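Trainee: I'd like to go over a predicted model; first the sequence, then the structure.
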Amino acid sequence: MSALCALSMGSGCEFLFGPALAVDLTLFGGKGKPQKRDFPIAVFEKLSDPSSEYISPDAVQLAEAMNLVPKLRRLMILNERHHALAPGESLSTADRVERTELRFDVLESVEEARLQIDFIIAEIEEEQAILNEAMRLFSSDRDARVNRANILAFRTNGALWAVAEALTIPSYKYPRYSIPSGAVGIVAGVVPSIFSIYATRSLNGGQYERHPYPNILSKIYDFPTIPRIEYPEIVWKYLNSCPHGQTRTRREIIKANWYADENIHIFKDGPSLEKLRKLTGNEPYTADMNLVSDKLIMSDQIKAVTLQMSRPLLEICMVARGRKKFVDQTGSVGSDPTE
């Protein structure tokens with residue numbers, strides 16, 4: 001059973017998509033032999049904790065990527081001064097102005113990062129709308145092919161067996177057509193089998209030629225991009241950073257997940273340049289139901305990882321508002337090297 005890789009292990013463990021769960025799928029209401037498939041379960045363990053006293057390592061990492069560390073450390077000092085005041089006392093005018101400006105600057109940076117996340121999510125949602133429509137097209141085509149094959153199989157089987165049985169009825173001149181009856185009976189068995197083979201091969205629907213249409217996976221695999229699918233700066237830094245306790249970047253980890261995921265058909269025999277070109281849509285290609293399904297799974301996981309940025313962003317906001325304490329990678333709490 002394949003297991004989807006963890007984002008980080010040990011202390012501060014953070015899972016992207018949890019270990020795959022083997023599920024018994026018993027067909028026909030419990031009759032028959034159970035079939036097992038790997039079913040991925042999303043597991044998020046030891047992620048950002050909004051109720052903790054200190055900011056998480058991943059939030060510190062994101063703050064560093066956004067160049068907010070000096071501002072957050074200074075805000076910590078000003079917040080501590082504010083909390084240390086006796087009742088009726090207030091910060092000096094200079095400290096109040098500085099504290100307000102720093103808060104505004106941090107929250108403005110957080111809002112920009114959130115809009116960068118929305119930029120990527122909007123593109124993924126648009127692509128998935130197209131993919132879902134294509135999936136409905138493939139499903140409709142598949143159902144039509146299978147139904148047509150079944151109808152033809154039933155009709156030919158019934159007609160041919162009727163002829164075969166009719167030939168066995170004795171008449172005055174020809175008591176029994178045993179040889180013609182047997183021949184027609186053989187055909188009655190073969191023809192439906194041919195239609196069954198056709199129906200089986202139609203389970204993945206038809207195949208359609210697609211023009212080049214680069215998608216959100218292009219930059220993940222270092223293919224050329226266009227502005228529509230370009231990752232904003234902070235999001236791209238986040239994907240190319242290593243989670244706390246890990247030596248691989250999030251982008252490397254999610255690609256490893258895809259290669260190990262048995263539910264992604266295109267990587268069944270491993271990745272190749274030709275397969276990646278089909279996935280990223282940088283060249284004309286032939287699309288089928290499995291390819292559309294793979295793209296939907298992969299874009300969903302990119303969306304999930306990108307949305308995980310909202311957790312450390314919340315922590316940064318809480319530091320700005322004095323509801324969390326900032327601790328940098330060295331363990332320094334609210335210290336300012338300029339003082």
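Mentor: Structure received.
Trainee: Let's see the distance spanning stretch 225-234 from one end to the other.
Mentor: Its start and end residues considered, stretch 225-234 measures 17 Å (CA to CA, to the nearest Å).
Trainee: Quick check: mean pLDDT of it?
Mentor: Per-region confidence: stretch 225-234 scores 93 on mean pLDDT.
Trainee: Contacts for that stretch, please.
Mentor: Where contact means CB atoms under 8 Å, 6 or more residues apart in numbering, the residues beyond stretch 225-234 that reach it are 62, 65-66, 112-113, 116, 119-120, 123, 214-216, 218-219, 239, 309. No exception for glycine: its C-beta is placed from N, CA and C like everyone else's.
Trainee: Can you select the buried ones from those in ChimeraX?
Mentor: Buried subset of the contacts of stretch 225-234, written as a ChimeraX selection, criterion 16 or more other CB atoms under 10 Å:
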select :62,65,66,113,116,119,120,123,214,215,216,218,219,239,309
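Trainee: So which of the contacts of stretch 225-234 belong to helices?
Mentor: Leu62, Ala65, Glu112, Ala113, Gln116, Phe119, Ile120, Glu123, Leu239 (DSSP state H).
Trainee: Check the gap between the second one and Ser241 for me.
Mentor: Spelled out, that is Ala65. 7 Å (CB to CB, to the nearest Å).
Trainee: can you tell me which of the contacts of stretch 225-234 lies nearest to Asp288?
Mentor: Asn215 (16.3 Å; CB to CB).
Trainee: quick one: the closest one and Met298 touch, right?
Mentor: No. The criterion here is CB atoms under 8 Å, and Asn215 misses it with Met298 at 9.4 Å.
Trainee: So for those two, which residues contact both of them?
Mentor: With CB under 8 Å, 6+ apart as the test, Asn215 and Met298 both reach Leu279.
Trainee: where do the strands sit along the stretch 1-150 of the chain?
Mentor: 6-8, 14-15, 20-25, 35-40 (DSSP state E, counting those that start in this stretch).
Trainee: any weak-confidence spans in this structure?
Mentor: 1-47, 142-209, 328-339 (pLDDT under 70).
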